[in-house]
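Novice: Give me the fold of what follows.
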Amino acid sequence: MRRRDFIAALGSAAAWPLAARAQQHPPMGVPSSGTRQPVIGFLYDSLAAEYGFRRGLSDMGYVEGSNVAIDYRSATRQVDQLPAMAADLVRRNVAVIVSIDSDLATQAAMAATRSIPIVFTTAGNPVQLGFVATLNRPGGNVTGITTFGEELLPKRLELLRELLPTAGKVALLFNPRSPTTSQVEIQSAQVAARRLGLEIVVVFGGTENEIENALAAAVEQRAAAIVVASDVFFSSRREYIAVLALRHALPTISDDRIAVVAAVAGQLMSYAPNLDELYQLAGTYVGRILKGEKPANLPVLQPTKFELAINFKTARALGLTVPPTLLARADEVIE
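Specialist: Numbers count the residues shown, from 1 in each chain. Predicted coordinates:
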């Protein structure tokens, strides 16, 4: 049962391989007609992100293939290539660089240029990450959108408490190699857990083997469920985590809605901003920059819509009864 569609349609172009779409754009944004168009460098890939991003661009009067070109660069499983990709976009003199849901991509772009505008989306604190000077006045050539993942951790713990009222321990899965992971985030979770009468078990996983060991450690320490931290590496391994969690009988909650609705194996719950809004905001900011506004004067934004998704099939497989009050609040229930 779907109560709210996340993506109505990606459009026919979204079905093409990223590499093929990148090749359709002539070098330096000069189309076949010879009329120069601004080129957007899209660093890192996400089909869902592209849909919302294009909507934001369209709101500002820019349509890909009409009056703007997009140069797509993908490094989902080869993050070591991000610096070279960012440097190549700079050599191509793109008008704006967009880094979607990857702090490593943002860092690579910032290392490559201090003049070309950069628009990011992140789950971290962009001030602590060094992306901007302040949220209201970013300064420099960088601005974007943040979900402040650490601020949503308490809410996810509350949802787990509602699902598992007798639980004593909950595990938190973090990636020690992620620039987003911080002691502040862990401390925030620990404070929220104490308020809810829960004990936190912190487990770390930066590779697939480490994730497997982390979930096994959570079980050994008798954690009743696991919170998956906001991290692009975990998103790229969403079904792997779901399979392991089911094997270990661990209910999961994260910020990754796609992990819940995955066709092969779905994680149990997600509570996160509406990603379509998030990426649309990024597209809108790029459009404003193309019209002449400066990133230094564009405050870092936060999305306003938050959604709860529950995979009822996974709940049944785990032998869990989801409280009717929790189901009633869900924006999307997968049956």
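Novice: CA only for contacts and neighbour counts going forward, please
Specialist: OK.
Novice: what sits against residue 83?
Specialist: When contacts are counted by CA atoms under 8 Å, 6 or more residues apart in numbering, residue 83 touches 105, 108-109, 111-112.
Novice: quick one: low-confidence ranges for this structure?
Specialist: For the chain, the stretches with pLDDT under 70 are 1-35, 45-48, 75-77, 149-150, 179-182, 263-264.
Novice: and which of the contacts of residue 83 is nearest to residue 280?
Specialist: In terms of CA to CA, no member of those lies closer to residue 280 than residue 105, at 18.9 Å.
Novice: C-terminal to the strand or helix carrying that closest one, what's the next element?
Specialist: Using DSSP states H and E, residue 105 sits within helix 103-112. Scanning forward in sequence from helix 103-112 by DSSP H and E, the next helix or strand is strand 118-122.
Novice: center of the protein, which residue is that?
Specialist: Central residue of the chain (CA atoms, centre = their mean): residue 101, 4.3 Å from the mean position.
Novice: what's that one sitting at in phi/psi?
Specialist: With angles defined as degrees, to the nearest 10, residue 101 sits at phi 50, psi 30.
Novice: Show me how the record splits this structure into domains.
Specialist: Domain assignment of the chain by automatic domain parsing yields the ranges 11-148+274-306, 149-273+307-334.
Novice: returning to what we had before: so the residue nearest to the centre of the chain sits against residue 119, correct?
Specialist: No. Using CA atoms under 8 Å, residue 101 is not in contact with residue 119, being 10.8 Å away.
Novice: Hey, what's the angle from the helix holding residue 105 to strand 118-122? Just curious.
Specialist: 160 degrees (axes from the mean of the first three to the mean of the last three CA atoms, to 10 degrees).
Novice: Okay, the residue nearest to the centre of the chain and residue 90: tell me how far apart.
Specialist: 20 Å (CA to CA, to the nearest Å).
Novice: and if you look at residue 53?
Specialist: To residue 90, residue 53 is 21 Å away according to CA to CA.
Novice: and the two? which has more neighbours close in?
Specialist: Using other CA atoms under 10 Å as the criterion, residue 53 and residue 90 rank with residue 53 on top: 25 against 19.
Novice: Please identify which helix or strand holds the more buried one.
Specialist: Here residue 53 is assigned to helix 47-59, by DSSP H and E.
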